[in-house]
Each structure stands twice: as C-alpha cells, then as structure tokens.
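Chemist: build me a model from this:
(chains A and B)
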Amino acid sequence: MFRKLSEHLILIIISFLPFKEAVRTSVLSKRWRYIWHETRNIEFDERAFVDVRESQEMQASQRRGFMDFALQRIQNYQGRHIDKFQLTLSKPENFNGDIQRCISFAIIHNVKGLGLDFSDPTWAEDNLDNHAALFDLPLNVFGQILFSCNFRNSDFMNFTALKQCWNLDHLEISGPNLRLKCFVADNCSLISNEIVIEAPNLRFFKYSGTIPHFEFQIHPAHMEEADLSFGMELDYDESIGYDLYKLLQLYPIKVLTICSFMLQLIPHGDEPLRMEYDMNIRHLILKTSMHPYEFFGIVFFLNSSPYLETPTLDIGPGRIFYDYSSPVEGENLDRFWLERSIRYTCVVKSLKVVEGTLDELCLLGHLIIYGKVLQHTYVPVSKEEDDLIHVPLEDAPLPTTKDKAKCETS
Amino acid sequence: MSNTSENPNPSSSSAKITLKTSDNELFEVEEAVAMKFCTVKQYFEDEKDNDVAARGSSTVIPLPNVHSAVLARLISYCKKLPQSNAVADNHEEEETKKKERKQYGTPGDLVDLISAANYLDFKEGLEFFNQALADHIQNKSVEYVRKFFGIKGDFEPHEEEKYREEYAWAFEGVDED
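Modeler: The predicted model follows:
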C-alpha cells in the first residue's frame, strides 16, 4: 500500500508521529530507513536516555549521550521547516552552549512551536509542600545562571513554553513582528526578576512562579486569555497589590485564571472593591481555597466584570497569609455571602453558567438566586467523580431562573 | 464587455463549483467547501485572472488524482469541519475526537484520504487524517506496524538487529501486540 506513496507523503505521515515513533520507522524497511531524519516534529527528551535509578555519574554519562544524539541529528538535518521542537533536559546548567545551538537550530528552521522543559523529574511540581524544600536547596545547585532566554527577533514562533526555569537570569521575548501567540512559563523564578515580552500577536499568556516585574507590550485586540498563578510567592506584602492591579489593567482578556494569592492581594491595590473600569472577562476561573481572606478578591472580580458569563470555582489548597488585613473595616467574614445584598451587574445580566463544588454553597446560592439568565450550574462533588447528574433548574425551587436552565449536581 | 459578470460572492452559500474526479464523476459542491481545497481555490483564481468564464457551475475543475469515493468522503468530512477542528482542551474531548478519527476506516482508506488531501492542499484534512493514522500505530511494535500497513521487512536479521541497537531507547515501552 505504501509503495504508491511518495517519500514526500511518507515524510508528512512521519511528521505527525511522536518523535520516538518516528525513530522506530527506521527499521520498517530499507525504503523507510532514513526518511524520519527529516521529520518536522522533533522531540528530544532525555527521559528516554537517562535512568534516574542509576548513579549520578552514570546519569551524567547517559545525559551526555542524549545530548550527542540531539546535536548529531540537528547537524545533519536536511529539511527546511520544523513544526515543533521540544527539548527536555533536567540539568541545563551543564549544557549552555548545546541548548543555545538547539534553539538557534529551531529558529533557523522556522519552528512553529518551541518547548523547553528544564524540570527535574525527581522533584514533584506544583506541590506546595515541596516548595519549602526547593528553597532550602543549597544555592550552588541553581546558583549559577542557567542561560538567558532571549528570543529577540525570532519570527515564526507561535508557541513557546518554558517549564520550571529556576534562576533564569533574564527572560526577554521581543521583536517588532513576533508572531508569538501563546506563551507559557511554568514555575519560574527569575534572578533579575524581570520578564520582558513584546509580542503584538500574543493571545494566550500563562505564568506561574514568583512575581516578577512584567514589562508587556501586546496588542490589546489580540489578547484573549491569561492564567496567572503566584503560588510560589512566600511573602505577604500589600504593596504587591498595586503591581497586580497594574498588571490586570493591561488586558482586555476574555478568559482569566487567577490564584489565591491574587485574591488576597488585589484588594490592596489602587481600589479595594473593583477595577476603575469594566473588565471584559467572560469566563473567570478562581483557584481558591474559599478562605474568608479571599472573599474581597472574589467580590473585586465580580464587581469588575459586568460581562461575566461563567465563573468557575476551582477549589484547592491556597497559601493563606495570616498577616492579612481586611481592606474594608468591620466586615464579618463568617457571614460574608449571606449579608451581601449587592447585585453584581454580571450576575443579573450575563451570568450563564456556574461551576463549583458544594463547599461554596453560600456563594453558589448567592449566584443562583440572583442569576436571572442562568442556564447551567455544575457542581461535581469531587474531582475523582466525573459523572455529573443533570438536574433541570425548573425542577429546583429557584423561581428566578429562566426556562431551559439546568443544574448539575452529583 | 459583459455587464453580467458579477463577481462570485465567496460568502454566498448558493454558489456551486463542479469538480471532476479521476473516474469522471462530477461533483457539484458548495463554494465554501470547495475553497477549503487550496488546489481548487488556486485553479479558480488562475482562471479568473485569465478572464475565462469561471463563474460557479459553468466551470468544471478536473481532479485527475482524486477518485470519486475519496472525494465524497473528503467533502463529507469538510461539512462537519467546524466542530471537529476545535482544539480539545480536556481528556474527555480528546477521547471523543479519537473516536471520531477512528471512523475513517482502514489504513488503506486513510492513506488514500491523506494522499488526496495532500494533492488538494487541504490543510485541516491532512492534519486530521494523519492524526487518525498516527492513532492507529501509537505505541505499536515494528512488527505490528509492518503488518498493519503491509510493509515487507527487507533487512537481513543481523542488519535489523544492529539498527534497533542503534536507537534502542526508541524501542522501549512499546505495547504488546
């Protein structure tokens, strides 16, 4: 069957395979032996080479073997374009020059998606307990500068992802015609504490880590979604509220994900109860522990988002700062939602879907009672159970919701 | 000079374009669908430049590399394109998409579809059917893939052994047949 296919077409097929599978096609037959060399989907992943159960010396040697393989492949690459280039490497500090070579190679070949993952598989990510240990590590482990991530004037990139880049010296992604649409930086801490992004076409921005100084130049018409998480930030400092407030002003975004840290700090910015102008948010995802210290933050976002259609409450552990001080005096946080009679514009006019869990019944109740055009409520009891039971809202004793509205609980 | 030479409006759903397949079948398809095929679009635009009467159904565009059975499937895929091309953002959706991709039949069918999509320069289709093919051989052994595609291994056993040794890491963690 493949006899009638041109090698060009076989290459297209191979380029859609994960890299490891593409390599395996080399032993299918003589005809297939070298076609994979030009695959447009390149994923160099040290995990296929390095066995973490081995001694450090052995691992270092396996890692060297991995890097040699990668360098040999890019030196002999004959193709012109690459769709995706991914480099996964856990000890980047030993390979500065090689990494730079890989990135240059990807950029010269007009890569559409570039991923750099420098996470260490022996550390659990996103685990708050683990972060304490992380900061206890002797400085010399990551004390030396990894490298400066500089994608200046690298056009053609649509997607860039960085993962666990500790002590990155400096992060700058800029260029007058940068096509970067999607930027993800996970678990980052920067020495210079500065991120410069000049990307007129940026649509999606995700950042998690400590709070750096963001310098943004984006085109407001394009920006659609942001996910900001500062769970690695350990200090409670009310002046950060001001920085956060400024950060939010940049975006005409429709979808926003924010963390517990943001909810506690944002009321300490310029204005305690809302942005000075309406935000354009349609879908708001609140990563919250539903601690009373976060309530003013929630009110802040409900107040600022008159077009909000879907608020999602994503309940998880948050770092609660016990030196928190309420931005408004004399508020009884225990009966916070019960005593709220303010009607948020968004709740009455545009709110269509509510997602949350039973733990936030008070807030959910508030949203459901006042939600005039509410269509769906999703209340999964736990994340393990995916089965949601549809309960049409007409059957529920909620007179204010309209026909066809649905409530899901389990 | 013709004052009736109205520009065919691309947004008008009524405009039809006739495509002729390798087995001489005629397909009358909506312009919006036909324009997904860049090869057709290009042909159409070239004709227009040449000032040949290229208005809708009056032109028949020959597709000598595409069989009618394949074109019919491509067109039906095209029509449901909007939902099938949405980015899957969770596991469940990805599973649904996988099932949808499974419907497109045997490896032979898929290869025909990929070949036609490539000829027609139909980007979404090329991506979709390639992904469907990739699903089929995901994590499968060399023997399985050979059998699946009807490829005959033509290496000497010791040769093959050597090549496998060279990239031994790529042969780890493969599913049982």
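Chemist: now the one helix or strand A:V196 maps to: buried residues?
Modeler: Using DSSP states H and E, A:V196 sits within strand A:194-199. Within strand A:194-199, the residues that count as buried by 16 or more other C-beta atoms under 10 Å in any protein chain shown are A:I195, A:V196, A:I197, A:E198, A:A199. Glycine gets a C-beta too; all of them are placed from N, C-alpha and C.
Chemist: neighbours of the closest residue to B:Y104 other than its chain neighbours, just the number please.
Modeler: Closest residue to B:Y104 in three dimensions, ignoring its sequence neighbours and counting by C-beta to C-beta, 6 or more residues apart in numbering or on different chains: B:A132, at 5.2 Å. A count of neighbours around B:A132, defined by other C-beta atoms under 10 Å in any protein chain shown, yields 23.
Chemist: how about B:A132, phi and psi?
Modeler: Reported as degrees, to the nearest 10, the phi and psi values for B:A132 are phi -60, psi -40.
Chemist: B:G125 now?
Modeler: For B:G125, the backbone dihedrals (degrees, to the nearest 10) come out as phi -70, psi -40.
Chemist: what sits against it?
Modeler: For B:G125, the contacting residues are B:K36, B:L74, B:Y77, B:C78, B:L113, B:A117, by C-beta atoms under 8 Å, 6 or more residues apart in numbering or on different chains.
Chemist: and the fourth one, how far is that from B:E124?
Modeler: This points to B:C78. Distance of B:C78 to B:E124, computed by C-beta to C-beta, to the nearest Å: 8 Å.
Chemist: of these two, who's got more company?
Modeler: Comparing B:C78 with B:E124 by neighbour count (other C-beta under 10 Å), the higher total belongs to B:C78, at 20 against 14.
Chemist: so the more buried one makes contact with B:E31?
Modeler: No - at 11.9 Å, B:C78 and B:E31 do not qualify as touching, with contact defined as C-beta atoms under 8 Å.
Chemist: who does the next helix or strand after the strand holding A:V196 pair up with?
Modeler: Elements were assigned by DSSP H and E; along the chain past strand A:194-199, the next helix or strand is strand A:204-209. Using DSSP bridges, strand A:204-209 pairs in its sheet with strand A:182-190 (parallel), strand A:225-229 (parallel).
Chemist: mind checking if stretch B:144-154 is in reach of chain A?
Modeler: Yes - using C-beta under 8 Å from any C-beta of the partner chain, a contact is recorded between stretch B:144-154 and chain A, made by B:V145, B:R146, B:F149, B:G150, B:I151, B:K152, B:G153, B:D154.
Chemist: contacts for that stretch next, please.
Modeler: Where contact means C-beta under 8 Å, 6+ apart, the residues beyond stretch B:144-154 that reach it are A:1-2, A:24-25, A:27-30, A:32, B:107, B:136-137, B:140, B:142, B:160, B:177.
Chemist: repeat that for stretch B:166-177.
Modeler: A:20-21, A:23-24, A:26, A:48-49, B:139-144, B:164.
Chemist: if any of these are buried, put those into a ChimeraX selection.
Modeler: A single ChimeraX command suffices to select whichever of the contacts of stretch B:166-177 are buried according to 16+ other C-beta under 10 Å:
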select /A:20,21,23,24,26,48,49 /B:140,142,144,164
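Chemist: any chance of the contacts of stretch B:166-177 in JSON lines with distance to A:K84, secondary structure and pLDDT as columns?
Modeler: What follows is those, written out as JSON lines (distance: C-beta to C-beta, whole Å; DSSP: H, G, I helix; E, B strand; the rest coil; pLDDT from 0 to 100):
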{"residue": "A:K20", "distance to A:K84": "14", "secondary structure": "helix", "pLDDT": "94"}
{"residue": "A:E21", "distance to A:K84": "14", "secondary structure": "helix", "pLDDT": "93"}
{"residue": "A:V23", "distance to A:K84": "15", "secondary structure": "helix", "pLDDT": "95"}
{"residue": "A:R24", "distance to A:K84": "18", "secondary structure": "helix", "pLDDT": "94"}
{"residue": "A:S26", "distance to A:K84": "19", "secondary structure": "helix", "pLDDT": "94"}
{"residue": "A:A48", "distance to A:K84": "17", "secondary structure": "helix", "pLDDT": "92"}
{"residue": "A:F49", "distance to A:K84": "20", "secondary structure": "coil", "pLDDT": "93"}
{"residue": "B:N139", "distance to A:K84": "19", "secondary structure": "coil", "pLDDT": "88"}
{"residue": "B:K140", "distance to A:K84": "22", "secondary structure": "coil", "pLDDT": "90"}
{"residue": "B:S141", "distance to A:K84": "25", "secondary structure": "coil", "pLDDT": "91"}
{"residue": "B:V142", "distance to A:K84": "24", "secondary structure": "helix", "pLDDT": "92"}
{"residue": "B:E143", "distance to A:K84": "28", "secondary structure": "helix", "pLDDT": "92"}
{"residue": "B:Y144", "distance to A:K84": "25", "secondary structure": "helix", "pLDDT": "91"}
{"residue": "B:R164", "distance to A:K84": "26", "secondary structure": "helix", "pLDDT": "93"}
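Chemist: and which of the contacts of stretch B:166-177 is nearest A:C102?
Modeler: Checking the contacts of stretch B:166-177 against A:C102 by C-beta to C-beta gives A:F49 as the nearest, at 15.0 Å.
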